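1. Sequence first, predicted coordinates after that:
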Amino acid sequence: MEHSWIHICVSSSIENFREKLKNRFDAPEWSLKTIYKPAVFFGMYHKGDYLRYLIHYGPKIIFWCGSDVLNLTKNTARFLGGKHICENQIEQAELAKYGIQAEIRPMLFDAAAFKEIVHFTPSSTPHVYLSAHKKSEEEYGILFIEGIAWVVPEVTFHIYGISGKSHDNIMYHGFVPSEQFDKEIKNYHAALRWNKFDGFAETLAKSALLGQYPISRIYYPHIYHAPDEKTLIKILRGLKYKTEPNYKLREYWLKKLNVNLEELV
């Protein structure tokens, strides 16, 4: 898909998505020479992101990525016109508090890489994976999982992105390259996202496209919704009874993610 007529501006706070976005849209990057061209601004995390948006005179779209929404104030929101896109109802409601009306369009920028892949092997000892960032263990639910893992001893929890001491049914993998992560999760059964406030996590999207049984604290269509500990434990205990890939979930999100990307611009 070629979008040479539109430019993309990616926040340095999500630098790891830059290449995926460039590859997916085959679009040039924003610069001071393109301030009159149509542009999509991915992430509004810091002053630099707001400055680039404000000096842009052409048509513009903001794609809110998650925690950047929490940086909004009444003063900054006043200057953010144009079109807005977010990934779930939690973000949408928060943006609405500042008078910003946003469309909900969950994204996975490399969804095409999972188009022909289904990986789910039934097991009486299922494997669940999470990702986290250093110093954000509580936000990403790592401390919570450390506290409840013993209740579901048949489930092994794989934690990526941070280092830690593996024990019992919790395995810490630290930071691994994206290619390695994508390869290893094919052996697992579900992604788990326990953030209270979040964008649509890549782990959930990839788990869905692999035909697995992803679990999220935030509601998404056809994805297991676990708003509380009791519900989560019930879902985790039920994973060992899944006997085939989650084809319905996979087909829904494969179509949804591709349509959302196509219609973004």
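-> Thanks, I have the structure now.
2. List the buried residues for the helix or strand bottoming out on mean pLDDT in the chain?
-> Here the helix or strand of the chain ranked lowest by mean pLDDT, DSSP states H and E is helix 18-25, holding a mean of 72. Under the neighbour-count criterion of 16 or more other Cβ atoms under 10 Å, helix 18-25 has 18, 20-21, 24-25 buried. Any C-beta I mention is one placed from the backbone N, CA and C, and that applies to glycine too.
3. low-confidence ranges in this protein?
-> Along the chain, the model assigns pLDDT under 70 to residues 1-5, 23, 111-115, 264-265.
4. Do a quick rundown of the helices in it.
-> Taking DSSP state H as the criterion, the chain contains helices spanning 18-25, 47-54, 74-77, 89-96, 142-148, 178-184, 202-209, 229-238, 247-264.
5. which ones are touching the closest residue to Tyr247 other than its chain neighbours?
-> For Tyr247, ignoring the flanking residues on the chain, the nearest one in space by Cβ to Cβ, 6 or more residues apart in numbering is Gly211 at 6.2 Å. Taking Cβ atoms under 8 Å, 6 or more residues apart in numbering, we find Gly211 in contact with 118-120, 245-247, 249-250.
6. run the last query once more with 6 Å
-> Applying Cβ atoms under 6 Å, 6 or more residues apart in numbering, we find Gly211 in contact with 118, 120, 245-246, 250.
7. tell me, how many neighbours does His127 end up with?
-> 19 (other Cβ atoms under 10 Å).
8. Test my guess that it contacts Tyr188.
-> Yes. The pair His127 and Tyr188 passes the contact test of Cβ atoms under 6 Å, sitting 4.1 Å apart.
9. sorry, back to before: the residue nearest to Tyr247 and Leu21, how far apart?
-> 26 Å (Cβ to Cβ, to the nearest Å).
10. For the residue of the chain positioned farthest from its centre, give its distance to Gly199.
-> When distances to the mean C-alpha position of the chain are computed (Cα atoms, centre = their mean), the maximum falls on Lys33, with 31.1 Å. Here Lys33 is placed at a distance of 30 Å from Gly199 (Cβ to Cβ).
11. likewise Phe120?
-> In terms of Cβ to Cβ, Phe120 sits 25 Å off from Gly199.
12. before we move on, what about Ser178?
-> With Cβ to Cβ as the criterion, Ser178 and Gly199 are 17 Å apart.
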